[in-house]
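> Predicted model follows, preceded by the sequence.
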Amino acid sequence: ASRARLFKELKEVQREKSADPDIQLICDDSNIFKWTALIKGPSETPYEGGVFQLAFAIPEQYPLLPPQVRFLTKIFHPNVHFKTGEICLDILKNAWSPAWTLQSVCRAIIALMAHPEPDSPLNCDSGSSFFLLMTSYVLCSCCHSTSNYATLKATIFYHFTIFLN
């Protein structure tokens with residue numbers, strides 16, 4: 001059932017490729033349970049102009065269980081662990097529903113980037129900074145993170161480096 005669902009989502013992604021210009025989902029050619037995504041940083045945030053790469057590890061019980069999703073691109077955000085890229089988002093844990101798709105998960109992550117959840121920070125430094133006055137230090141950290149790790153140039157370099165190794 002999980003393979004059938006993933007093939008259905010893959011066909012939908014291929015058919016609706018230009019439907020959401022902020023998200024590009026890519027299925028691993030050799031493993032239907034591994035996907036990556038490129039998402040654009042939301043406008044009017046420190047992430048605007050950035051392209052962020054996500055890795056999806058999809059369990060055999062999908063869609064009954066949620067995918068494991070993490071940022072491969074470094075990001076300074078209170079709900080993302082800076083070193084591991086782990087994302088603290090309720091739909092990836094206890095609020096998961098089989099109605100969610102990989103595309104809608106990406107959309108939820110973009111929304112989280114624009115509207116952090118102060119009650120569940122994974123990055124405590126970022127959490128306290130983000131929610132106590134939104135200081136220029138945090139904005140600079142976010143912008144620095146975006147410009148250093150999430151530009152299209154940085155993402156292409158990252159992909160190219162992986163393929164060479």
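Received the coordinates, thanks.
> shouldn't residue 105 be in contact with residue 92?
Yes - taking Cβ atoms under 8 Å as the definition, residue 105 is a contact partner of residue 92 at 7.3 Å. All C-beta spots, glycine's among them, are computed from the backbone N, C-alpha and C.
> residues shared between the contacts of those two?
Where contact means Cβ atoms under 8 Å, 6 or more residues apart in numbering, the residues bridging residue 105 and residue 92 through contact with each are 66-67, 69.
> Give me the subset of those residues that lies in strands.
Taking DSSP state E, the ones among these that sit in strands are residue 69.
> how about low-confidence regions in this protein?
Low-confidence segments of the chain (pLDDT under 70): 18, 120-165.
> Would you map the strands across it?
With DSSP E, the ranges of strands along the chain come out as 23-28, 31-40, 51-57, 68-71.
> hmm, back to that, could you turn the buried ones of the shared contacts of residue 105 and residue 92 into a PyMOL selection?
Buried members of the shared contacts of residue 105 and residue 92 can be picked out in PyMOL with the line below, counting by 16 or more other Cβ atoms under 10 Å:
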select buried, resi 66+67+69
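> Not counting residues beside it along the chain, what's closest to the residue nearest in space to the middle of the chain?
In the chain, the C-alpha nearest the mean C-alpha coordinate belongs to residue 54, at 4.4 Å (Cα atoms, centre = their mean). In space, residue 54 comes closest to residue 37 once its chain neighbours are excluded; the distance is 4.3 Å by Cβ to Cβ, 6 or more residues apart in numbering.
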